[in-house]
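Asks: turn this into a model:
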Amino acid sequence: MDEKMFIEAFAEALEVESPSSLSLTTEFQKLDEWDSMAYLSVIAMLDEKYDIQIENADFIKFVTIGDIVKYISSNK
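Replies: Numbering: from 1, shown residues only. So this is what the prediction gives:
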């Protein structure tokens, strides 16, 4: 998986103005843009771009963007 492309897609889903401000170690739930709509946008992006469906019980365990990337990589 191309991590840079994932971060760009993640930033687009959250409407983050500067994707370069994000990294795999970014704790996404601490971002100003993070709210319930951002959560739904990320879930939709994961389904659309990566054909991954993540249950809420699994998603709430993620802390960083890298955690999501690892999950996708291990579940593809």
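
Asks: how near is Ile54 to Leu22?
Replies: Shown here: Ile54 relative to Leu22, a distance of 19 Å by C-beta to C-beta, to the nearest Å. (Each C-beta comes from the backbone N, C-alpha and C, glycine too.)

Asks: check contacts around the closest residue in space to Tyr50 that isn't next to it in sequence.
Replies: Setting aside the residues directly before and after it, Tyr50 is nearest to Ile72 in space (C-beta to C-beta, 6 or more residues apart in numbering), at 5.5 Å. Neighbour list for Ile72: 1, 6, 46, 50, 52 [criterion: C-beta atoms under 8 Å, 6 or more residues apart in numbering].

Asks: Ile72 sits in which helix or strand?
Replies: Assigned by DSSP states H and E, Ile72 belongs to helix 65-74.

Asks: centre of the chain to that helix, how far?
Replies: Once both centres are worked out by C-alpha atoms, centre = their mean, to the nearest Å, helix 65-74 turns out to sit 9 Å from its chain's centre.

Asks: in this protein, which residue is closest to the centre?
Replies: Computing the C-alpha centroid of the chain and ranking residues by C-alpha atoms, centre = their mean puts Phe10 first, at 4.8 Å.

Asks: so that one sits against Asp67, correct?
Replies: No - under the contact definition of C-beta atoms under 8 Å, Phe10 does not touch Asp67, with a separation of 11.8 Å.

Asks: tally of neighbours for Asp35?
Replies: Applying other C-beta atoms under 10 Å, we find 12 other residues in the vicinity of Asp35.

Asks: now it: how far from Met5?
Replies: Distance of Asp35 to Met5, given as C-beta to C-beta: 24 Å.

Asks: which residues in this structure form helices?
Replies: Read by DSSP state H, the chain holds these helices, from start to end of the chain: 3-14, 36-50, 56-59, 65-74.

Asks: let me know the angle separating the last one from helix 36-50.
Replies: Going back to what we said before, that points to helix 65-74. Between the direction of helix 65-74 and that of helix 36-50, the angle (axes from the mean of the first three to the mean of the last three C-alpha atoms, to 10 degrees) works out to 30 degrees.
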